[in-house]
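Trainee: pasting a predicted model and its sequence here:
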There are 2 protein chains.
Amino acid sequence: MARLNDTETFFSNMNQKVYFAGSIRGGRLDAGLYQRLITFMQRTDIVLTEHVGRPDLNLMEQGRDRDARIYSQDTAWLRECDVVVAECTCPSLGVGYELAYAEHLGKPVHVFYDRTKTQLSAMLTGNPYFHIHPYEKEEEIYNVLAELLNKY
Amino acid sequence: MARLNDTETFFSNMNQKVYFAGSIRGGRLDAGLYQRLITFMQRTDIVLTEHVGRPDLNLMEQGRDRDARIYSQDTAWLRECDVVVAECTCPSLGVGYELAYAEHLGKPVHVFYDRTKTQLSAMLTGNPYFHIHPYEKEEEIYNVLAELLNKY
């Protein structure tokens, strides 16, 4: 039976497609954190939604037609991804929607939030489907991310 | 063919079950507004989630077991309701989740938000499933509510 050596295992787990979810119109207080998480994941994997970390992102409604194109692209990426990683410290209607959408598709979903700054919704903490990762210091996130990205 | 007269039509449209969605742990800035909307709807209909307007609501995480009971109750109400009415001015992960859940169930969903205070997520405005009602003055909401509750 063929057995992967360590190097092959490492490379077989690279280039997973990650849907990163973070607040856009709900508030950009954590945009810098989103960017650092995305950069970290991009060292080994593909982040489909890398725009979520950009400081110059347009936060205005685009009208229903142009917003429909955003909706269509984001839900296509949700269908395409291997795993969803969400930073949920800043409340966001869009992220809440995306998490339910991902659950319906059966995608693995990992939710991070700073427990010193917010109380997470019972629709997330009370739902056994989600993997919930409260943290107190940003450094804690990277250890968990490195481990979980190796799984998918 | 039997034809309802006006009085019968009126009563046949009363006592619809409404799932009202508003921010809880995401922020309680609009709790007074939620309470006024709930009171208005309760004049003719049943609001399953009347606690969302209460000023003394516990906003803290309850631990995963107790939060699981909240999740279980809220999703049961979503399955039971005839229509979902959401006030979305204050961003909320829970409300975003509930809207996607309601969409998946095929429940009619009406989203209200103050367009002078927020930009709504493209996951809502870009999704043709949702009925979106931007408003500038609170009074506008009641006219729309009265009309839509008469439909279901």
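Mentor: Received it, and whenever you're ready, just let me know what you need.
Trainee: distance of A:A31 relative to B:L59?
Mentor: Going from A:A31 to B:L59 by C-beta to C-beta, to the nearest Å gives 25 Å. (Each C-beta comes from the backbone N, C-alpha and C, glycine too.)
Trainee: which one's more surrounded, these two?
Mentor: A:A31 (19 against 11; other C-beta atoms under 10 Å in any protein chain shown).
Trainee: any idea which helix or strand carries A:A86?
Mentor: Element membership for A:A86 (DSSP states H and E) is strand A:83-87.
Trainee: given that strand, what are its sheet partners and their directions?
Mentor: strand A:17-21 (parallel), strand A:109-114 (parallel) (DSSP bridges).
Trainee: now the first one: average pLDDT?
Mentor: Over the span of strand A:17-21, the pLDDT mean works out to 98.
Trainee: next one: it to chain centre, how far?
Mentor: Mean-position distance between strand A:17-21 and its chain equals 4 Å (C-alpha atoms, centre = their mean, to the nearest Å).
Trainee: would you mind listing the buried residues in that strand?
Mentor: Residues of strand A:17-21 classed as buried: A:18-21 (neighbour count, 16 or more other C-beta atoms under 10 Å in any protein chain shown).
Trainee: wait, which of the residues you listed is closest to B:F40?
Mentor: A:A21 (34.0 Å; C-beta to C-beta).
Trainee: check contacts around the residue nearest to that closest one when sequence neighbours are not counted.
Mentor: For A:A21, ignoring the flanking residues on the chain, the nearest one in space by C-beta to C-beta, 6 or more residues apart in numbering or on different chains is A:A86 at 4.0 Å. Applying C-beta atoms under 8 Å, 6 or more residues apart in numbering or on different chains to A:A86 gives the contacts A:20-22, A:95, A:98-99, A:109-112.
Trainee: quick one: whatever residue of chain A ends up closest to chain B and B:R66, what's the gap?
Mentor: At 2.3 Å from chain B, A:G96 is the closest residue in chain A, using C-beta to the nearest C-beta. Separation of A:G96 from B:R66 (C-beta to C-beta): 20 Å.
Trainee: how about A:Q73?
Mentor: 38 Å.
Trainee: thinking again about what came up before, closest one of the contacts of A:A86 to B:D45?
Mentor: Using C-beta to C-beta, A:L99 comes nearest to B:D45 of the contacts of A:A86, at 29.3 Å.
Trainee: was I right to think the closest one contacts A:V111?
Mentor: Yes. Because the distance of 7.1 Å satisfies C-beta atoms under 8 Å, A:L99 is recorded as touching A:V111.
Trainee: anything in contact with each of these two?
Mentor: Shared contacts of A:L99 and A:V111, counting by C-beta under 8 Å, 6+ apart, come down to A:86, A:124, A:130.
Trainee: which SSE is the second one in?
Mentor: When you say that, I think you mean A:L124. Per DSSP H and E, A:L124 falls inside helix A:122-125.
Trainee: ok, then the element right after that helix?
Mentor: Counting by DSSP H and E, what follows helix A:122-125 is strand A:131-135.
Trainee: packing partners of that next one?
Mentor: Judged by 3 or more C-beta pairs under 8 Å, 6 or more residues apart in numbering or on different chains; DSSP states H and E, the packing partners of strand A:131-135 are strand A:109-114, helix A:138-149.
Trainee: relative to strand A:109-114, how tilted is that strand?
Mentor: 20 degrees (axes from the mean of the first three to the mean of the last three C-alpha atoms, to 10 degrees).
Trainee: from the chain's centroid, how far away is strand A:131-135?
Mentor: Counting by C-alpha atoms, centre = their mean, strand A:131-135 comes out at 12 Å from the chain centroid.
Trainee: same deal with stretch A:39-57?
Mentor: Taking C-alpha atoms, centre = their mean, the mean C-alpha location of stretch A:39-57 is offset from the chain mean by 10 Å.
Trainee: is that stretch anywhere near chain B?
Mentor: No. Interface with chain B: stretch A:39-57 contributes nothing (C-beta under 8 Å from any C-beta of the partner chain), its closest point being 11.5 Å away.
Trainee: for that stretch, buried residues please.
Mentor: Buried residues in stretch A:39-57, counted by 16+ other C-beta under 10 Å: A:40-41, A:44-45, A:47-50, A:52-53.
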